[in-house]
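Asker: Could you look at this predicted model? Sequence included:
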Amino acid sequence: MSGTAAVAVGGRRREALLRHHADREREQRLGAADVDTLQRDRSPHARAQVAAKFGRQFDELCTGSDRAVADAVLELLVRDLAVEVRQALATTVAASALLPAHVARQLAADRIEIAGPVLEHSPVLSDEDLVRVVRTNAMQYALAVAGRQRLSEMVSEALVDTGQVEVVARLVENAGAGLSQTTMARVIQDFRDNEQIHARVIRRPELPYELVEQLIGVMGDRLEWQLIRDRRVPAEEARALMHAVRERAAISFTARAHADGKLQQHLLAEFSAGRLDHERLLRFLRDGDIASLEIGLALHARLEPNQVRRLLYHADRRHLAGLCIAAGFATLHYITLRMAMEVAEEAMAPRSGNKGYSSETIRFLQMQYEKLRGDEAKLRLLLGN
């Protein structure tokens, strides 16, 4: 084939392609024939095709001179008796910011296959609209609402009020859902035995530190010591630490007067020489040398031993976290110290089923410890300064 002939063939192919594209666009455009179909065609399938075509063009029609026609067609479609017609409409207009609010409310109250896309995506539904739907309809409606990209605290509270596991799980998993501290506390308490909910709670962004102890408390029966190893503590060290602390049932985790003058002088000399690092403090605990642990923490945190004892043995573990931050502990050292102390307490007063921390609990504690490290006001409060 000559060069001229090849160019001619190429031109014809391009023209055919453009003509095909133009034909397709004409097919997609809403026309008078489509409106006639809505009025005369008794086939739900044909009307559903028109509804989908209309929905895809709805925003464009609303911004031009055809707004009145668009509103008229919209009202005709939303009242169509065929479910598949209303479903085709709802699916294509759900995310439109130009959809009249009364139409959005009407679709949101329809059957779930119609209401679902609107409840999940419509920006014109108010918080009051959403709360009303959640409180007056079946669980599937609340489930659709829980998946919205943004949810206010008011709507989230209404979703938790349903008490439905599927709804609350989807809500807590939704990073765009606003959840007040009060509502989160309710979730933790009301679903205290639900691992599915707990796994999602731990992954919540910006989870308030005040909820840490409550969450750890309800998850206590599923804690696994294996997590120390997951945080890069060698397995043999983890086992040795666990064994040593469990064997020392005589260790009393109550505030005792250990301010031995000679010991304090010795540890001060070690601290000044740079030989009293955090690893050594943990070895004190492993070896049952509680007096040295307390004094060593006091030196690192620049606190009095009596204040250290109060923070170290406080029932609210946030005070322990504050002490560790004041002492400059890395996150791993804090978690190791906390876990070792709790294992020792378990040896003194065993609780059935308590095995340690789960991997998610460790990650959770790590995140909260880092968050507390940057909150100077909270640290001062916890340390009693």
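Answerer: Yep, it's here.
Asker: Pull out the buried positions in stretch 134-150.
Answerer: For stretch 134-150, a neighbour-count test (16 or more other C-beta atoms under 10 Å) marks 134, 137, 140-148 as buried. For every residue, glycine as well, the C-beta is placed using N, CA and C.
Asker: Check stretch 86-105 too.
Answerer: Residues of stretch 86-105 classed as buried by neighbour count (16+ other C-beta under 10 Å): 86-96, 99, 103-105.
Asker: How about stretch 108-124?
Answerer: Of all the residues in stretch 108-124, those buried under the rule 16+ other C-beta under 10 Å are 108-110, 114-122, 124.
Asker: if you look at these, which of them are in helices?
Answerer: Using DSSP state H, the subset of the buried residues of stretch 108-124 located in helices is 108, 114-121.
Asker: quick one: contacts for the closest residue to residue 191 other than its chain neighbours?
Answerer: Nearest-residue entry for residue 191: residue 197, 4.1 Å, with adjacent residues in sequence omitted and distances by C-beta to C-beta, 6 or more residues apart in numbering. For residue 197, the contacting residues are 165, 168-169, 172, 187, 191, by C-beta atoms under 8 Å, 6 or more residues apart in numbering.
Asker: Out of these, flag the one nearest to residue 46.
Answerer: residue 169 (40.4 Å; C-beta to C-beta).
Asker: My read is that residue 92 contacts residue 58, right?
Answerer: Yes: in terms of C-beta atoms under 8 Å, residue 92 counts as a neighbour of residue 58; the distance is 7.2 Å.
Asker: which residues in the stretch 1-150 of the chain form helices?
Answerer: Assigned by DSSP state H, counting those that start in this stretch, the helices in the stretch 1-150 of the chain fall at 3-28, 32-40, 44-62, 67-78, 83-93, 101-108, 112-121, 127-136, 139-146.
Asker: One more: the stretch 251-385 of the chain?
Answerer: Taking DSSP H, counting those that start in this stretch as the test, the helices found in the stretch 251-385 of the chain are 261-272, 278-286, 290-301, 305-312, 318-326, 331-348, 359-373, 376-383.
Asker: Of all those, which one is nearest residue 201?
Answerer: helix 359-373 (8.7 Å).
Asker: Which neighbouring elements make contact with that closest one?
Answerer: The contact analysis (3 or more C-beta pairs under 8 Å, 6 or more residues apart in numbering; DSSP states H and E) places helix 359-373 against helix 195-202, helix 212-219, helix 227-230, helix 318-326, helix 331-348, helix 376-383.
Asker: hey, least reliable of these by pLDDT?
Answerer: Sorting the helices and strands packed on helix 359-373 by mean pLDDT places helix 227-230 lowest, at a mean of 36.
Asker: For stretch 363-374, buried residues please.
Answerer: Buried residues in stretch 363-374, defined by neighbour count with 16+ other C-beta under 10 Å: 363-365, 367-369, 371-373.
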